[in-house]
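Novice: Give me a model of this one.
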Amino acid sequence: MPGTSPTPGFSDTDRRGSDATFLTSPIQDGHDTAANSPSSTPAVTRRGSVATVCKLDTVNNPDKKAVSKSPSFFSDQTSPSEKGEPASSSPSTGAADSKEISPSKLPDEQDESAEPSHGRLLPLGQFLACYFCLALAILLTSLDQTIAACITPTISTEFGSSSQSSWIGTAFLLSSTVFQPLYGRCCDVFGRKMLFLAAQIIFLGGTALCGAAPNMTALIIGRAIAGIGGAGLLSVTQIMISDIVTLKKRGMYHGILSSVNGAGSVIGPLAGGVFASKVSWRWAFYFQLPIVAFTMACTVTVLPQVGTSDIGKFKEKFRTIDWVGIFFFLTGFTFLLLGISLIAPPDRTFKSAIVSGFFFPGVALIGAFVFWELKCAKHPVVPFKIFQDPPIMAILLIQLTFGWVFYAGLYFLPVFFQVADRQDAVKSSISLFPLVLTSIIFSWFSGLFTSLSGNYAGMFSLGLFLTSFGSILIYTLYHSGMSQGVQIATMIILGTGFGMQMQNSLVAAQAATRQKDVAMTTAVRNFMRSIGGVLGISLSNCILYTTVPTYLRSALAERFPEELVTSIIDAPLTIYSLPAEFAGDVPTVITAYVRSLKIVYLVFIPISVFSFLLWFAVPEYELTRAKDGEPIQRAHRTVNVFWQIQRLVSWVRTRKNGCNANVEKGGSTGGVPEDSHGGAASDATHGSDLEKGSKDSQERA
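Specialist: Numbering: from 1, shown residues only. All right, here's what the predicted structure looks like:
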């Protein structure tokens, strides 16, 4: 089993934990080193509970390459002479690397001295091709999720079934949600490449059916099928990144993918509106087909086979899948989410037959799933040991709350713009750009910062704080007639908080889990976020259906027709086209609707504050792992957001002061050898750091 046997290329003395690891180069993770000390004098630093004894290069040979035993997997990046190995013993690379990557050779399970500084685990050309393929998959998923927003009115008009139009978006969201954890399990059995290709084929079929749909029912079925494929595109992409990028550098690459996802969310509604108005709404689906076909070609030709199980042939692997558990899981969560999505008071509540007919059987089936997985399943679909780890459980709950606030905010902030500012669907989507764009920018920036500093907790804490603060601002400041500057400022704050959480949450979850459980943890993390989105949108709708009629009746003395209230909730712009006898009541209706929306925003506050406080209970982990794949907990824990901000500021000042000191030192002494980060070091600075102890040294890093 990967991670349990000694890693190739390392001796038994290269253990982590309390054992010492001997290197012949300065520490390459950002911790302080005594560059001016003689090579025979080891400098001791600590990361968490791990002692690392470093044998430093001599001052007279600053450019000398490190001599360390590396796994054969990195032979394409380091020459035999650099590794201290004879040229004849160097294994072949190139094509062999493109066929299969053994999980046991991933550096997350090895000593950090084996990790390349750039973080790539593939040759540069193949890595760029793979990353481009994964970015296309993310772009397709975000496009398909949002492209239906602007074409739904056109579709419902053509098919004459406006009552079913909401299912165009709901069908995709539900199917993509319930299938995400299954991809995590199947990836560990069949390998990433096979599952990624299967997801693309399913997505292609569902999208083609949507474009050629003869009626609304066929279109909804096509959207559900596309959602099944979209779940695989999202989950397998994030799992693949964990296979081809070291843990320390994943934040940057996940941040770039998050920017691609945000760009797709911006392009989707605009492209849908253009196709619907200029050509046909069907081309909003057809134009995706060539992109899917190209992605499939890239998958077949350049994507490596990662994570394939050693169980044996396909039939044997097929038998290891827990099909009974999958049945309970799919039916249970599908029924549960359908029941929640159908809630629309006063007619459809938990007492109504249609809601209770889905919701309560769903709860029973989920209970059966849990019992089966714990007591009967030989190969569980979801390993429940993940939920027995408090840090991972806390991160998953944070993702649930993030999904609630994020998706409900994207859904109901445009509704406010339509009601309060009389904007149509396209303009209200454009008004949301400050939130979306800041989310994209800070998702990329926070990922880059995490990769450079090795500190994911600081950005994550700040993101949780800004999300809570932004939710408070939206509730207190949003009203009809508010200035556009206030709208933009509040959305920038909220978008910054969203962006800082997006990919750092994934890094936090993967850093806290074992290497062999990364795929499943990633899939469950995505599942919890999607569940939060379904709950947020559905229960926020429930709030509107409950409060809008109440406020209207109290303001208009029961003379407002019930069917008109329902039409206003479903289509907010109906407010501005009321019958003549209600024309004078438009300001009153707007006020009632805005009051109801503010209750939706009020719910954001305790949810976001809860996740902010919950994060304080989560310990921090190193962005490297022990050789056996176990996570390494840092010595300190997250105390509060202000301490985290202080850590960020301290890190920036340290880098700046270090550069200035290096320039002055180099000018006065005639030059000092540079360390592995390109900066000069002094005995006084680094000696004082070592005397302060491991904690101060770590905080400086």
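
Novice: For the rest of this, base every contact and every neighbour count on C-alpha atoms.
Specialist: Will do.

Novice: What pLDDT does the model give Thr308?
Specialist: Thr308 is assigned a predicted lDDT (pLDDT) of 56.

Novice: correction: Asp63
Specialist: You'll see Asp63 listed with a pLDDT of 41.

Novice: With Phe275 instead?
Specialist: For Phe275, the pLDDT comes out at 86.

Novice: My read is that Phe172 contacts Leu219, right?
Specialist: No: contact criterion CA atoms under 8 Å: Phe172 and Leu219 do not qualify, at 10.7 Å.

Novice: Distance check, the residue of the chain most remote from its centre against Met240.
Specialist: Distance from the C-alpha centroid of the chain peaks at Glu581, with 50.2 Å (CA atoms, centre = their mean). Look at Glu581 and Met240: by CA to CA, to the nearest Å, they are 60 Å apart.

Novice: rewinding a little: if I look at the residue farthest from the centre of the chain, how far off is Thr467?
Specialist: Distance from Glu581 to Thr467, by CA to CA: 43 Å.

Novice: got it, and Leu204?
Specialist: 36 Å.

Novice: Likewise for Lys317?
Specialist: Using CA to CA, Lys317 is found at 44 Å from Thr467.

Novice: Please identify which of Leu204 and Thr467 sits among more neighbours.
Specialist: Thr467 (30 against 26; other CA atoms under 10 Å).

Novice: Check the secondary structure at Glu622 for me.
Specialist: Under DSSP: H, G, I helix; E, B strand; the rest coil, Glu622 falls in the strand class.

Novice: got any ranges where the stretch 301-450 of the chain has weak pLDDT?
Specialist: Counting by pLDDT under 70, the low-confidence segments of the stretch 301-450 of the chain come to 306-312, 346.

Novice: Where do the helices of it begin and end?
Specialist: Along the stretch 301-450 of the chain, the segments classed as helices by DSSP state H, counting those that start in this stretch run 314-320, 323-341, 353-375, 390-421, 425-431, 433-453.

Novice: Any idea which of those gets closest to Leu573?
Specialist: When the helices of the stretch 301-450 of the chain are compared by CA to CA, helix 390-421 sits nearest Leu573, at 6.3 Å.

Novice: next one: the closest one to chain centre, how far?
Specialist: Mean-position distance between helix 390-421 and its chain equals 14 Å (CA atoms, centre = their mean, to the nearest Å).

Novice: Check which helices and strands it sits against.
Specialist: Other helices and strands packing on helix 390-421, by 3 or more CA pairs under 8 Å, 6 or more residues apart in numbering; DSSP states H and E, are helix 425-431, helix 504-512, helix 518-556, helix 586-614.

Novice: List the buried residues in it.
Specialist: In terms of neighbour count (16 or more other CA atoms under 10 Å), helix 390-421 has its buried residues at 391-409, 411-420.

Novice: same question, stretch 423-436
Specialist: 423-425, 428-436.

Novice: quick one on the thing from earlier: deepest in the core, which of the helices and strands packed on helix 390-421 is it.
Specialist: helix 504-512 (a mean of 25; mean count of other CA atoms under 10 Å).

Novice: That helix versus helix 433-453: what angle between them?
Specialist: Helix 504-512 runs at 30 degrees relative to helix 433-453, counting by axes from the mean of the first three to the mean of the last three CA atoms, to 10 degrees.

Novice: Mind listing residues that contact helix 504-512?
Specialist: Contact with helix 504-512 is made by 247, 250-251, 391-392, 395, 399, 446-447, 450, 456-457, 459-460, 518, 521-522, 525, 620-624, 631-632, as judged by CA atoms under 8 Å, 6 or more residues apart in numbering.

Novice: All set now, cheers.
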